[in-house]
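1. Below: sequence and its predicted model.
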Amino acid sequence: MIQALSGQLLLGLINGSFYALLSLGLAIIFGLLDVVNFAHGAQYMLGAFLAWMGLQYLGIGYWWALLLSPLVVGATGLVVERVFLRRLQGLDNLYGLLLTFGLALVIEGLFHHAFGNSGSPYPVPELLRGGFDLGFMYLPKYRAWVVVVSLGISLGSWFVIEKTPIGAYLRAGTENPRLLQAFGVNVPVMFMLTYGFGVALAGFAGVMAAPIYQVTPMMGSSLIMVVFAVVVIGGMGSILGSIVTGIGVGLVEGFTKFLWPEAANVVVFVLMAVVLLVRPAGLFGRQK
Amino acid sequence: MMNRIAFAAALLIAAGTAAADSKVSDDVVKIGVLTDMTGYYSDLSGPGSLEAAKMAAEDFGGKVLGKPIVIIGADHQLKADVASTVARKWFDEEKVDAIADLVSSSTALAVMPVAAEKKRITLLSGPGTTAITGDKCTPYNFHWTYNNWALANGTGREVVKQGGNTWYFITADYVFGKSLEEDTAAMVKAGGGKVLGFSRHPSPGTTDFSSYLLQAQASGAKIIGLANAGADTINAIKQANEFGITKKQNLAGLLVFISDINSLGLETAKGMYLTTAFYWDRDDASRAWSKRFFAKMKKEPTMVQAGVYSAVTHYLKAIQAAGTDNSDAVAAKMREMPVNDFFATNGRIGPDGLHRHDMYLVQVKTPAESKYPWDYYKIAKVIPAAEAFPPVSDKCPLVKK
Amino acid sequence: MRRVWSGQAVFMGWASLVALGVAAPFVVYPVFAMNVLVMALFASALNLLLGYAGLLSFGHAAFLGSAAYVTGLAAKTWGFGVLLSMATGVAVAAALGLVFGLLALRRSGIYFAMITLGLAQVVYFLVVQMPWTGGEDGLQGIPRGKLLGFLDLGDSFAMYFFTYAVFLAAFWLIQRTIDSPFGQVLRAIRENEPRAISLGYDVQRYKLLAFVLSAALAGLAGSLKAIAMQFATLGDVAWQRSGEVVLMTLLGGMGTVLGPSVGVLLVVTMENYLASLGSWVTVITGAVFVVMVMAFRRGVVGEIQALLSRRS
């Protein structure tokens, strides 16, 4: 029992760190741009697909994909911000949500048309094959890599935003963009880059996921709702909140999969409703 | 009971001849392929099923009883309400005589009563529930390719015979998954095997199966039965490999299509047992047909797609033989004539509408064994029609009367 | 000036609505028309909340779906008549609305939306788990029965006109609610909640009442759907349905009386006639929303009204 539980706990941690990585991008975008980025799942899928296409058509391996794929996804994010989102600033954030939802449909539909539905497998990179026998369970090397990298990137981003001058500008930009503009900071470009970065994180998570999950056009849409819930529980826009909650939700889900597997998906939403009722702005959110 | 069936059949035939002078209604035989064009099952049915139906019409000469055969298609999006709306529209406004495919049980169960009410034929290839030829059976319905019982029987019974006598199930938590699990568990127990446990996961919406796989591993069962389908099965198999589970335990996919194997790759899927109604590389006839299918779709046909061709062809032959497209007469003829084609040998349709034919237990080849593209299966056992499908169900009201 | 115009518009609106509805089953396929009506009622129910009270619910499918299932259960298993079955469904949806409202209305904005979503997911889960719902196969073969014991609804035309009558009644009720003092207060709350509070209104009670009313009307749509389509499926309780109805309402124009129905008509027609295009439908639907957000933010009806009032 203890053995089985510790195994489930570890798996929960792995999934949780992955949620953290995905919800981090969402939280940054919401926190700084006030945009509810519904296209996050599609952008995650795009990252995974670019990695797969790179390997299939250009012979680009996993390690290069890990670098290039997020860059490309991030670049598309810059375009989306410049062409669409910028014009929605100052409006109810409902419109940003709708727009990104529409974009997600377009992206997923196009990939579906081109690649069908069952998708393709992506091999685990040579270096990370095999695993460790921990006694209570067998831990594939790749999963260990996912935890380390996801947590590293998440905490790194948190550090940059909360503790460095760049981050201070960003935070100031959300509070009072005009004032910051007066200080000579190019606020529109900063917003554009922020969206690009948040989206690149989704693309990065996609590449990380490619060797574990089947690469399919719909791989993001099944994940997006859970990630949304994570961001809301953490407190919309709270960077640290999304990281901690991501891991927490992974663990709770892990326990549920063990005790009452049928409820594994709904538990996140129950958690969300309960948290919001007890703590109005989420676990780490500030009440406005 | 046999007498009663024969009597019913005779009645139907009599009804058929009486109506025979009407010949072909609306001067066209129109067959609608209602399938999943974009969702989970679009690769194993979808556009490929539509193409298969078109091939069947062309091979028949494009005409039956001198009237043109028209094939149309639509997407039911896996939604029962969409399926039944399209079906009603097809019957009422577009003069559709028969609907083929109807992948996923919920859409099939939604369309069958509509078709029965309008006296039109349904040719099911893809849905699995045994209720189709059980308590939900209709006189105009033909369940062509496989049902859950046949899959459970093929994989469950045969794998136990070959020594896989302890099982753990990873089951999609919905009706299809649970019934597949229960049917298979019954087969396993009947063969002297044991079921050690099960995990039921939400579906759709589960991408990470490691938790369930770990529980399956801890159970020590020799066989891990995957009672799910599509993306769920693919991810479960992939992750079973990743966690090194396949080294000591074997997987048995209860509903796996060749399109799934193709997207998984042999390295991941190798060694797995599964039951199928059709394999393209089985004999010369299946190869010849599949080659033509491949030329159009750029992939080998699944059993669902081949089944659509076979069912549509049989339907057209029955029209020819009956001399009319009157559904009562055609349905009687379809039940009367044996099915012999590249898909099914000595297939027979029972009074419940279930098409009973040989099934195949296959094992997925290793990459080393595979000599050419799509060379994926070794046929481990041919399961003869009489053993492959359940006996005529007494739950079906058509049989009782 | 606006007042005069809108009075005319209301009359014209009603007249054209009645004419269109009577002509519809002769022009288009009755089942298609019924589907549009049911969804239009559903969207109008949502609009009452979103457009007039400013509350975005992301869990309205829970009311539509639960009412559909309960109506089906009542008609099929308990042998209730059509009207009684539907009433049972509506009652359950309203009760559920009360629970949702009491919990969710303690928060506002995006958090309100998320709580309704969370609760709706719980309802979805319960529907999947309960044995009588038939899981993903849905509750099939719900009998249409006879209305008041004599009018056979098995006939598509009879069923259509029954659906249409219910739709008109509900639509009238919504219109009346909007124009009533109650509706005025709702709008006042939407525009400026603190002011409404300082004027002495019990804001929470007004919101709750609006929520329950909206839930009951969504439930009415669900009950009607169960009888008209003769089944209830998981699609009706899934979050995608909740999202879809929000999108359709916005496309037509939220906060306008006809907007939701127009949005539904557009989307359902598009899906119906483009169905053969496969994945392109998804792409086109997505593109429509992008264009709408960029260029027609008020929605179709909202833009037309804006255009007309600028001219007059």
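-> In hand now; what should we look at?

2. Can you pull up the residues of the stretch 51-200 of chain A that come close to chain C?
-> Contact residues, the stretch 51-200 of chain A versus chain C (CB under 8 Å from any CB of the partner chain): A:84, A:87-88, A:91, A:93-95, A:98-99, A:101-110, A:112-113. For every residue, glycine as well, the C-beta is placed using N, CA and C.

3. which residues sit in contact with the residue in the stretch 101-250 of chain B positioned nearest to chain C?
-> Nearest residue of the stretch 101-250 of chain B to chain C (CB to the nearest CB) works out as residue B:175 at 3.6 Å. Taking CB atoms under 8 Å, 6 or more residues apart in numbering or on different chains, we find residue B:175 in contact with B:105, B:129, C:134-137.

4. So which of those residues is the closest to chain A?
-> Nearest to chain A among these is residue C:135, at 11.5 Å by CB to the nearest CB.

5. isn't that closest one right up against residue C:232?
-> No. Using CB atoms under 8 Å as the test, residue C:135 is too far from residue C:232 to be in contact (11.8 Å).

6. Quick check on the two: which one has the bigger neighbour count.
-> residue C:232 (33 against 22; other CB atoms under 10 Å in any protein chain shown).

7. Could you measure from the more buried one over to residue B:136?
-> 16 Å (CB to CB, to the nearest Å).

8. hang on, the earlier thing: restricted to strands, list the residues of the stretch 51-200 of chain A next to chain C.
-> Within those, no residue falls in strands by DSSP state E.

9. what's residue B:136 sitting at in phi/psi?
-> Backbone torsions of residue B:136, given as degrees, to the nearest 10, read phi -100, psi 10.

10. Alongside chain A, which residues does chain C contribute?
-> Within chain C, the residues that sit near chain A (CB under 8 Å from any CB) are C:56, C:103, C:106-107, C:110-111, C:114-115, C:117-119, C:121-122, C:124-125, C:128-129, C:239, C:243, C:247, C:250, C:278-290, C:292-294, C:297.

11. typed the wrong thing, it's chain B
-> Applying CB under 8 Å from any CB, we find that chain B lies next to chain A at B:38-44, B:173, B:199-202, B:204-208, B:210-212, B:214-215, B:218, B:230-231, B:234-235, B:238-239, B:242-244, B:259-260, B:262-265, B:268.

12. Quick check: the spatially closest residue to residue A:285 that is not a sequence neighbour vs residue A:228, distance?
-> Excluding its sequence neighbours, the residue lying closest to residue A:285 (CB to CB, 6 or more residues apart in numbering or on different chains) is residue A:235, at 2.4 Å. Going from residue A:235 to residue A:228 by CB to CB gives 13 Å.

13. ok, now residue B:265?
-> Applying CB to CB, the value for residue B:265 to residue A:228 is 33 Å.

14. more crowded one of those two?
-> It is residue A:228, of residue B:265 and residue A:228, that has more neighbours when counted by other CB under 10 Å, with 24 against 14.

15. Next, the buried residues of the helix or strand harbouring residue B:47.
-> Secondary structure assignment for residue B:47, by DSSP states H and E: helix B:46-59. By neighbour count on 16 or more other CB atoms under 10 Å in any protein chain shown, the buried set for helix B:46-59 is B:46-57.

16. which other residues reach it?
-> Counting by CB under 8 Å, 6+ apart, B:31, B:33, B:35-38, B:69-71, B:73, B:100-101, B:103, B:125-126, B:292-293, B:296-297, B:299, B:301-302, B:304-306, B:308-310, B:312-313, B:316, C:278 sit against helix B:46-59.

17. Please save the CA atoms from it in PDB.
-> C-alpha atoms of helix B:46-59 as PDB (Å, rounded to 0.1, in the frame of the first residue of the first chain):
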ATOM      1  CA  GLY B  46     -14.500   8.500 -42.000                       C
ATOM      2  CA  PRO B  47     -13.400   9.400 -45.500                       C
ATOM      3  CA  GLY B  48     -12.100   5.800 -46.000                       C
ATOM      4  CA  SER B  49     -15.500   4.400 -45.400                       C
ATOM      5  CA  LEU B  50     -17.000   6.800 -47.900                       C
ATOM      6  CA  GLU B  51     -14.400   5.800 -50.500                       C
ATOM      7  CA  ALA B  52     -15.100   2.100 -49.800                       C
ATOM      8  CA  ALA B  53     -18.800   2.600 -50.500                       C
ATOM      9  CA  LYS B  54     -18.000   4.500 -53.700                       C
ATOM     10  CA  MET B  55     -15.800   1.600 -54.800                       C
ATOM     11  CA  ALA B  56     -18.500  -0.800 -54.100                       C
ATOM     12  CA  ALA B  57     -20.900   1.200 -56.300                       C
ATOM     13  CA  GLU B  58     -18.400   1.400 -59.100                       C
ATOM     14  CA  ASP B  59     -17.500  -2.300 -59.000                       C
END
